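Peer 1: Can you look at this prediction? I've put the sequence above it.
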Amino acid sequence: MGRKGRRLRKRQRAAHTNKHHLIFQRCHFNSGYGLLLRQSFVYELDVDTHNKLHRDILHDIPKPSEKALEAVWRAYTQHKAEIDELDIVEACKWLADACNDNAWRACMMRQYWFLFSELY
């Protein structure tokens with residue numbers, strides 16, 4: 001989708017929230033199982049919290065192998081109904097536990113602890 005489409009959607013959202021993809025950056029997760037997972041873990045987050053997360057806590061999520069992402073995707077699809085009910089903090093924890101890549105886990109846990117301290 002082009003920038004114009006993103007701008008239109010952006011205007012439709014409440015001015016005080018942003019959509020946060022727990023799996024970011026888009027340029028790394030733009031195909032295969034990474035893209036499917038990225039699209040499945042999107043949550044509304046207060047603008048200030050979202051900006052602070054990206055500015056001070058975490059700038060990127062390292063991409064595990066496609067095989068590891070496939071395993072996470074399969075686990076997600078098997079338990080989709082329950083996982084979709086999780087809040088953003090619980091989803092971070094689930095994603096950390098679902099993948100065996102240490103760099104991925106570390107980044108998900110950084111998000112988890114930051115969001116836990118901001119939201120609870």
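Peer 2: Looks like it came in fine.
Peer 1: In the protein, which residue is most central in space?
Peer 2: For the chain, the residue whose C-alpha lies nearest the mean C-alpha position (Cα atoms, centre = their mean) is residue 22; its distance is 1.1 Å.
Peer 1: Show the contacting residues for it.
Peer 2: With contacts defined as Cβ atoms under 8 Å, 6 or more residues apart in numbering, the neighbours of residue 22 are 41-43, 61, 88, 91-92, 95, 108, 111. The C-beta positions use only the backbone N, C-alpha and C, and glycine is treated the same way.
Peer 1: Can you select the buried ones from these in PyMOL?
Peer 2: Under the burial definition 16 or more other Cβ atoms under 10 Å, those of the contacts of residue 22 that qualify are selected in PyMOL by:
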select buried, resi 41+43+61+88+91+92+95+108+111
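Peer 1: mind checking how far the closest residue to residue 66 other than its chain neighbours is from residue 42?
Peer 2: The spatially closest residue to residue 66, leaving aside those adjacent along the chain, is residue 32, at 5.6 Å (Cβ to Cβ, 6 or more residues apart in numbering). Counting by Cβ to Cβ, to the nearest Å, the separation of residue 32 from residue 42 is 18 Å.
Peer 1: thinking again about what came up before, lowest pLDDT pick from the contacts of residue 22?
Peer 2: Within the contacts of residue 22, residue 61 has the lowest pLDDT, namely 92.
Peer 1: measure the nearest residue to that one once chain neighbours are set aside to residue 52 for me?
Peer 2: The shortest distance from residue 61 to any residue that is not its chain neighbour, by Cβ to Cβ, 6+ apart, is 4.8 Å, and that residue is residue 107. Taking Cβ to Cβ as the measure, residue 107 and residue 52 are separated by 16 Å.
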